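>>> Need a 3D model of the following:
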Amino acid sequence: MRIAIVLALSILMACGGWAQAPEAEAQQGMFYVIGMGTTPDLLTLRGAAALEKCDMVLLENESDAEFWADLIEGKEVVLAYHAARYFYGIDPADLDTEEQRNMAEQAAQVRQSIVDRVAQAVAEGRTVGALQWGDAMMYGATWYLEMLPEDFPSEVIPGVGAMQAAAAAVKRNPVFGYDTNSVVVTQADFPGRTDLNEQLMETGTSLVVFTMHFDYPGFFEQLARHYPLDTPVAVVEWAGIPGMENVIRSTVGEFVSEVDYENLAPDAHLLLVGKFLECGQGRIDGLAAGQAYVERMHGGMGDAGTE
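Numbers count the residues shown, from 1 in each chain. Below you'll find the predicted structure:
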């Protein structure tokens, strides 16, 4: 009987009587660049869902692993050091010193090794997340995406950035000033240039300034040439971080003399400039003028949605 069963099974298999189970398709991996917000409780629902899927995360500093410890528990951590972004897009041969050229070449090697590791992990079906403070598309490390192929399976998850958190801290909207509805987001002038920001100041627009490597006296000297000295300014340190956030208010004419700018949190504060920061009758008059404009254009707000 046993021989007969074995013989029957052999015949069925030889004749293709049993279909072979198809091999499972390799699972598609994914690469997320996740804006983590300025503090863990500002991580978006979409960002949290993407992070939950990740089994490997890229961090820029050891301190990030401590700050986000609860969110990355059990995940493989790869340190993609902040310095890896240095000299990105610059040919080392164009740099002035041997030290700079060596640093640029080392940074390029680090970037390539990280990108290779991401590509290999995704090819193996793993989900990788590059975690970026604030919003990844605002001064974040996006060279990952630029070095990977255009069709590489990836997604960027927006986050609450320092600019939004700073606006929330001062409770004012930078794009809704009574003298201008424009805002320029900038930082220190590009290396080798000292006039780009001053050209922007000539427009009189509101400013949101990221203050990395910032020359406060020089910047305010430029501001004073184009803005009334009583134009309000505000510095927001540690925007969006409970217990650490700090707002310092001044004016274009008085900031350098009354603010201890040399002891502001390094690379952790923003400068806001413009009349949008004002309270009082001037802003009320401006808002009233805006309301009058809307009513002229649309026949009055009370008519909205009526036939």
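
>>> Spell out the residue ranges of the helices in the stretch 51-200 of the chain.
Using DSSP state H, counting those that start in this stretch, the helices of the stretch 51-200 of the chain run over residues 62-67, 69-72, 98-123, 143-147, 162-170, 196-201.

>>> got any ranges where the stretch 51-200 of the chain has weak pLDDT?
Residues of the stretch 51-200 of the chain meeting the criterion pLDDT under 70: 190-194.

>>> about what we covered before: please identify the most buried of the helices of the stretch 51-200 of the chain.
Across the helices of the stretch 51-200 of the chain, averaging neighbours per residue (mean count of other C-beta atoms under 10 Å) puts helix 162-170 on top, at a mean of 21. Backbone N, C-alpha and C define where each C-beta goes, glycine included.

>>> I'd like the next helix or strand past the helix or strand hosting residue 234.
Per DSSP states H and E, residue 234 falls inside strand 232-237. Remark: after strand 232-237, the chain's next helix or strand is strand 246-251, criterion DSSP H and E.

>>> for the helix or strand following that next one, what is the average pLDDT?
Moving toward the C-terminus from strand 246-251, the next helix or strand (DSSP H and E) is helix 255-258. The pLDDT scores in helix 255-258 average 96.

>>> number of nearby residues for residue 53?
Residue 53: 12 surrounding residues under other C-beta atoms under 10 Å.

>>> how much space between it and residue 115?
Remark: distance between residue 53 and residue 115 (C-beta to C-beta, to the nearest Å) = 20 Å.

>>> quick one: contacts for residue 95?
87, 101, 104 (C-beta atoms under 8 Å, 6 or more residues apart in numbering).

>>> Could I get the helices of the stretch 51-200 of the chain in a markdown table, plus columns for distance to residue 133?
Below are the helices of the stretch 51-200 of the chain laid out as a markdown table (distance: least, C-beta to C-beta, whole Å):
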| stretch | distance to residue 133 |
| --- | --- |
| helix 62-67 | 8 |
| helix 69-72 | 13 |
| helix 98-123 | 18 |
| helix 143-147 | 15 |
| helix 162-170 | 8 |
| helix 196-201 | 24 |
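
>>> wait, which of the ones you listed is closest to residue 242?
Among the helices of the stretch 51-200 of the chain, helix 162-170 comes nearest to residue 242, with 11.0 Å by C-beta to C-beta.

>>> which helices and strands sit right next to the closest one?
Counting contacts by 3 or more C-beta pairs under 8 Å, 6 or more residues apart in numbering; DSSP states H and E, helix 162-170 packs against strand 206-210, strand 232-237, strand 269-273.

>>> Just want the angle from the last one to strand 232-237.
Orientation check (axes from the mean of the first three to the mean of the last three C-alpha atoms, to 10 degrees): strand 269-273 against strand 232-237 gives 170 degrees.

>>> neighbouring strands for strand 269-273, and are they parallel or not?
Strand 269-273 has its sheet partners listed here by DSSP bridges as strand 206-210 (antiparallel), strand 232-237 (antiparallel).

>>> how far out from the middle of the chain is the longest one?
Using C-alpha atoms, centre = their mean, to the nearest Å, we find the averaged C-alpha position of strand 232-237 to lie 20 Å away from the chain's own average C-alpha position.

>>> which other residues reach it?
Contacts for strand 232-237 (C-beta under 8 Å, 6+ apart): 165-166, 169-170, 244-252, 255, 259, 261, 264-265, 268-275, 277-278.

>>> Could you pull up the mean pLDDT of it?
96.

>>> Repeat that for the first one.
Confidence over strand 206-210, taken as the mean pLDDT, stands at 94.

>>> For PyMOL, write the select line for the buried members of the contacts of strand 232-237.
To isolate the buried ones among the contacts of strand 232-237 in PyMOL, judged by 16 or more other C-beta atoms under 10 Å, type:
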select buried, resi 165+166+169+170+245+248+250+251+252+255+259+261+264+268+269+270+271+272+273+274+275+277+278
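
>>> would you turn the strands paired with strand 269-273 into JSON lines with distance to residue 198?
As requested, the strands paired with strand 269-273 are exported to JSON lines (distance: least, C-beta to C-beta, whole Å):
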{"stretch": "strand 206-210", "distance to residue 198": "12"}
{"stretch": "strand 232-237", "distance to residue 198": "16"}
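
>>> possible to save those strands as JSON lines with distance to residue 110 and mean neighbour count?
Converted to JSON lines, the strands paired with strand 269-273 look like this (distance: least, C-beta to C-beta, whole Å; neighbours: other C-beta atoms under 10 Å):
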{"stretch": "strand 206-210", "distance to residue 110": "24", "mean neighbour count": "22"}
{"stretch": "strand 232-237", "distance to residue 110": "30", "mean neighbour count": "21"}
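
>>> Minimum distance to residue 122: which of those strands has it?
Closest to residue 122 of the strands paired with strand 269-273, according to C-beta to C-beta: strand 206-210, at 31.3 Å.

>>> which residues does the residue lying closest to residue 259 once chain neighbours are set aside contact?
Nearest non-adjacent residue to residue 259, counting by C-beta to C-beta, 6 or more residues apart in numbering: residue 250, 5.5 Å away. Applying C-beta under 8 Å, 6+ apart, one finds that residue 250 lies in contact with 232, 233, 234, 235, 258, 259.
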